[in-house]
Every structure is written in structure tokens, then in C-alpha cells.
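Chemist: Show me the folded form of this:
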Amino acid sequence: MPLPPTLHEDDTLIAFDKSSGLLIAPDRWDKKKENLMGLVHAKYGHGVANVHRLDADTSGVLLCAKTKVALDFLSGQFQSKTVGKTYLALVAVLPPERAMKVIAPVRGPDGTSLPPEFSVELALGEDERQPGRMRVFKGRGGKASVTEFRVRENFGRFAWIECRPLTGRTHQIRVHLAAAGAPILNDVFYGDPDVKLLLSDLKRRYKGRDEEKPLIARLALHASELTIKHPTTKEPLTITAPLPHEFEVALKYLRKFAVMK
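Modeler: Presented below is the predicted three-dimensional model:
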């Protein structure tokens, strides 16, 4: 497998447009499974290190440092929470009775769609009953976690959302959106398995239902933008990953048909 496209490269850092399904580091159980850093080390050597991580099923900006000095400088920004992170997600707006029973679902004045802006502040920690998953801690335990959300477009049962995590917990955006009653589409851990984005549900007189596939079959979460202070120039640097093709297709049909339904 070739390396993902390079979004930015200079003497101190390199950023890739990671594809959905590609692991960042070796798998815990299958060490031979292909991963991004294995591909990076094969081409650039082991002196290049990833500064942060993305879930395997999340696509988008993944930043690596080429030197130890750059790694320390960039890692410090992540630890101090001064990195600007923007994710884009397509979510399913669930009825209250089907939403995760953690907090009251976030809804706008009409009671069904999401408000233009909202935030979720819920402590997160590993789910002891389900290794590899996270859960909300309502009492003691867990780590403080905050995510800000802005609805870019409302499509009734679906919404296109900008996500800005202010902390960096595992699966933070995914759990916070599920807790708000709007899980990310195709989230096998925290989403609703019965919800699919099908063109036949949007377009009247659609033909070909028997062979129909969802418009998006992967986790609908994309790391769109990362803003850091450059290790050498100390100036802000914003790295942007283009929207995956399947997102563009899904949004095209939602904009064309969803409001007509």
C-alpha cells in the first residue's frame, strides 16, 4: 500500500491525509497488519514520529515530526491544548427515545433538529465492560472532556457538523455526539446500527433498491484542519485535508433531496 497523500512537508515536519481504515500504529493483536507509521518508517526511516493519533476509521490530517526537537515542540502544544483541531462529521439526529441514555439529547427550539451551536462537557474513561471503547462518567472517574459543535447544515434526520475538541480523549467526539443524541453515521461503537444514509430514503421514485448501497459506508468523521505553531518559524501553520469523495457525494444528495422529503 502506498503512503497517503502528503498535505505539507518541510525540514521539520510532514503531514499526511490519512484514509479511513488505516491504522496509525501496529495493531495490538495483529502486529503484521499494515499501518501508517510502518509505511512512513519504510520510506523516511525511524527518525520520523507521529505527533498525535486518529482513530483507524477517521480520515484526515495526521502530523509527524522529522526531528526530536520538532517532536518535543509539537507534542508540547498538544499537551497544553493550544492546537486548533477541526473535524467534520455527518450525524444521525435520533428521536429522544433512541438516543444514548446519558444526558438529555441536545435539540433546538423546534425540539427535533440540533441548535446552531452547542457544547458537550462530559468526563470520559475506558469502558471496563467493553475493552477498546469509552464511556461517560457521571460521578467520580474519567477525565474532563469538552467539545464544541457548530451545525453547518441541517437535513432533518441528518446534520453536517463542525467539531472542535478542546481536550484530546480517545473517541471524544464520537462519544460526545452520541451522548447528545446525534451519533456519527456508521459508528459501530456508539451509533445506531439501524440508521443508514440511503438515496432511496431521500429521492422519490428511486429505482434499484435491491442492489442499493449506503451513500457513506464508513465512519462519517474527518479530521479536516489542524493549526499549530511551527517548530522553526514559531508562526501559526494551518494544514487542511480535502473532503473525501464519499462525503461530497452524500452532501450533494442531502442538499438536493433531504429538504424535499
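
Chemist: Now do the helices in the stretch 101-250 of the chain.
Modeler: Taking DSSP state H, counting those that start in this stretch, the helices of the stretch 101-250 of the chain run over residues 172-179, 199-202, 245-257.

Chemist: Is it possible to get a markdown table of these that adds mean neighbour count?
Modeler: (Glycine included, C-beta is placed from N, CA and C.) Output for the helices of the stretch 101-250 of the chain, formatted as a markdown table (neighbours: other CB atoms under 10 Å):
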| stretch | mean neighbour count |
| --- | --- |
| helix 172-179 | 26 |
| helix 199-202 | 17 |
| helix 245-257 | 16 |
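
Chemist: Of those helices, which shows the lowest average pLDDT?
Modeler: Note on those: lowest mean pLDDT is at helix 199-202, with a mean of 88.

Chemist: wait, is residue 75 part of a helix?
Modeler: Yes. Remark: residue 75 belongs to a helix, assigned using DSSP: H, G, I helix; E, B strand; the rest coil.

Chemist: got the contact list for it?
Modeler: 51, 65 (CB atoms under 8 Å, 6 or more residues apart in numbering).

Chemist: now do residue 202
Modeler: So residue 202 contacts 253, 254, 256, 257, 258, 261 (CB under 8 Å, 6+ apart).

Chemist: one step back: mind putting the helices of the stretch 101-250 of the chain into TSV with distance to residue 52?
Modeler: Formatted as TSV, these follow (distance: least, CB to CB, whole Å):
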stretch	distance to residue 52
helix 172-179	13
helix 199-202	35
helix 245-257	22
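
Chemist: Quick one: low-confidence residue ranges for this protein.
Modeler: 28-31, 96-104, 208-210, 259-261 (pLDDT under 70).

Chemist: residue boundaries of the strands in it?
Modeler: 6-9, 13-18, 49-50, 59-65, 84-92, 117-121, 123-126, 134-137, 146-155, 158-165, 221-229, 236-240 (DSSP state E).

Chemist: just those: most buried one?
Modeler: Mean neighbours per residue, mean count of other CB atoms under 10 Å, is largest over these for strand 59-65, with a mean of 25.

Chemist: per-domain residue ranges of this structure.
Modeler: What automatic domain parsing lists as the domains of the chain is 6-80+219-252, 85-195.

Chemist: still on that earlier bit, could I get the contacts of residue 202 as TSV with distance to residue 54?
Modeler: Formatted as TSV, the contacts of residue 202 follow (distance: CB to CB, whole Å):
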residue	distance to residue 54
253	26
254	25
256	30
257	31
258	28
261	33
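
Chemist: my read: residue 115 touches residue 107, true?
Modeler: Yes. Residue 115 lies in contact with residue 107 (CB atoms under 8 Å); the separation is 7.1 Å.
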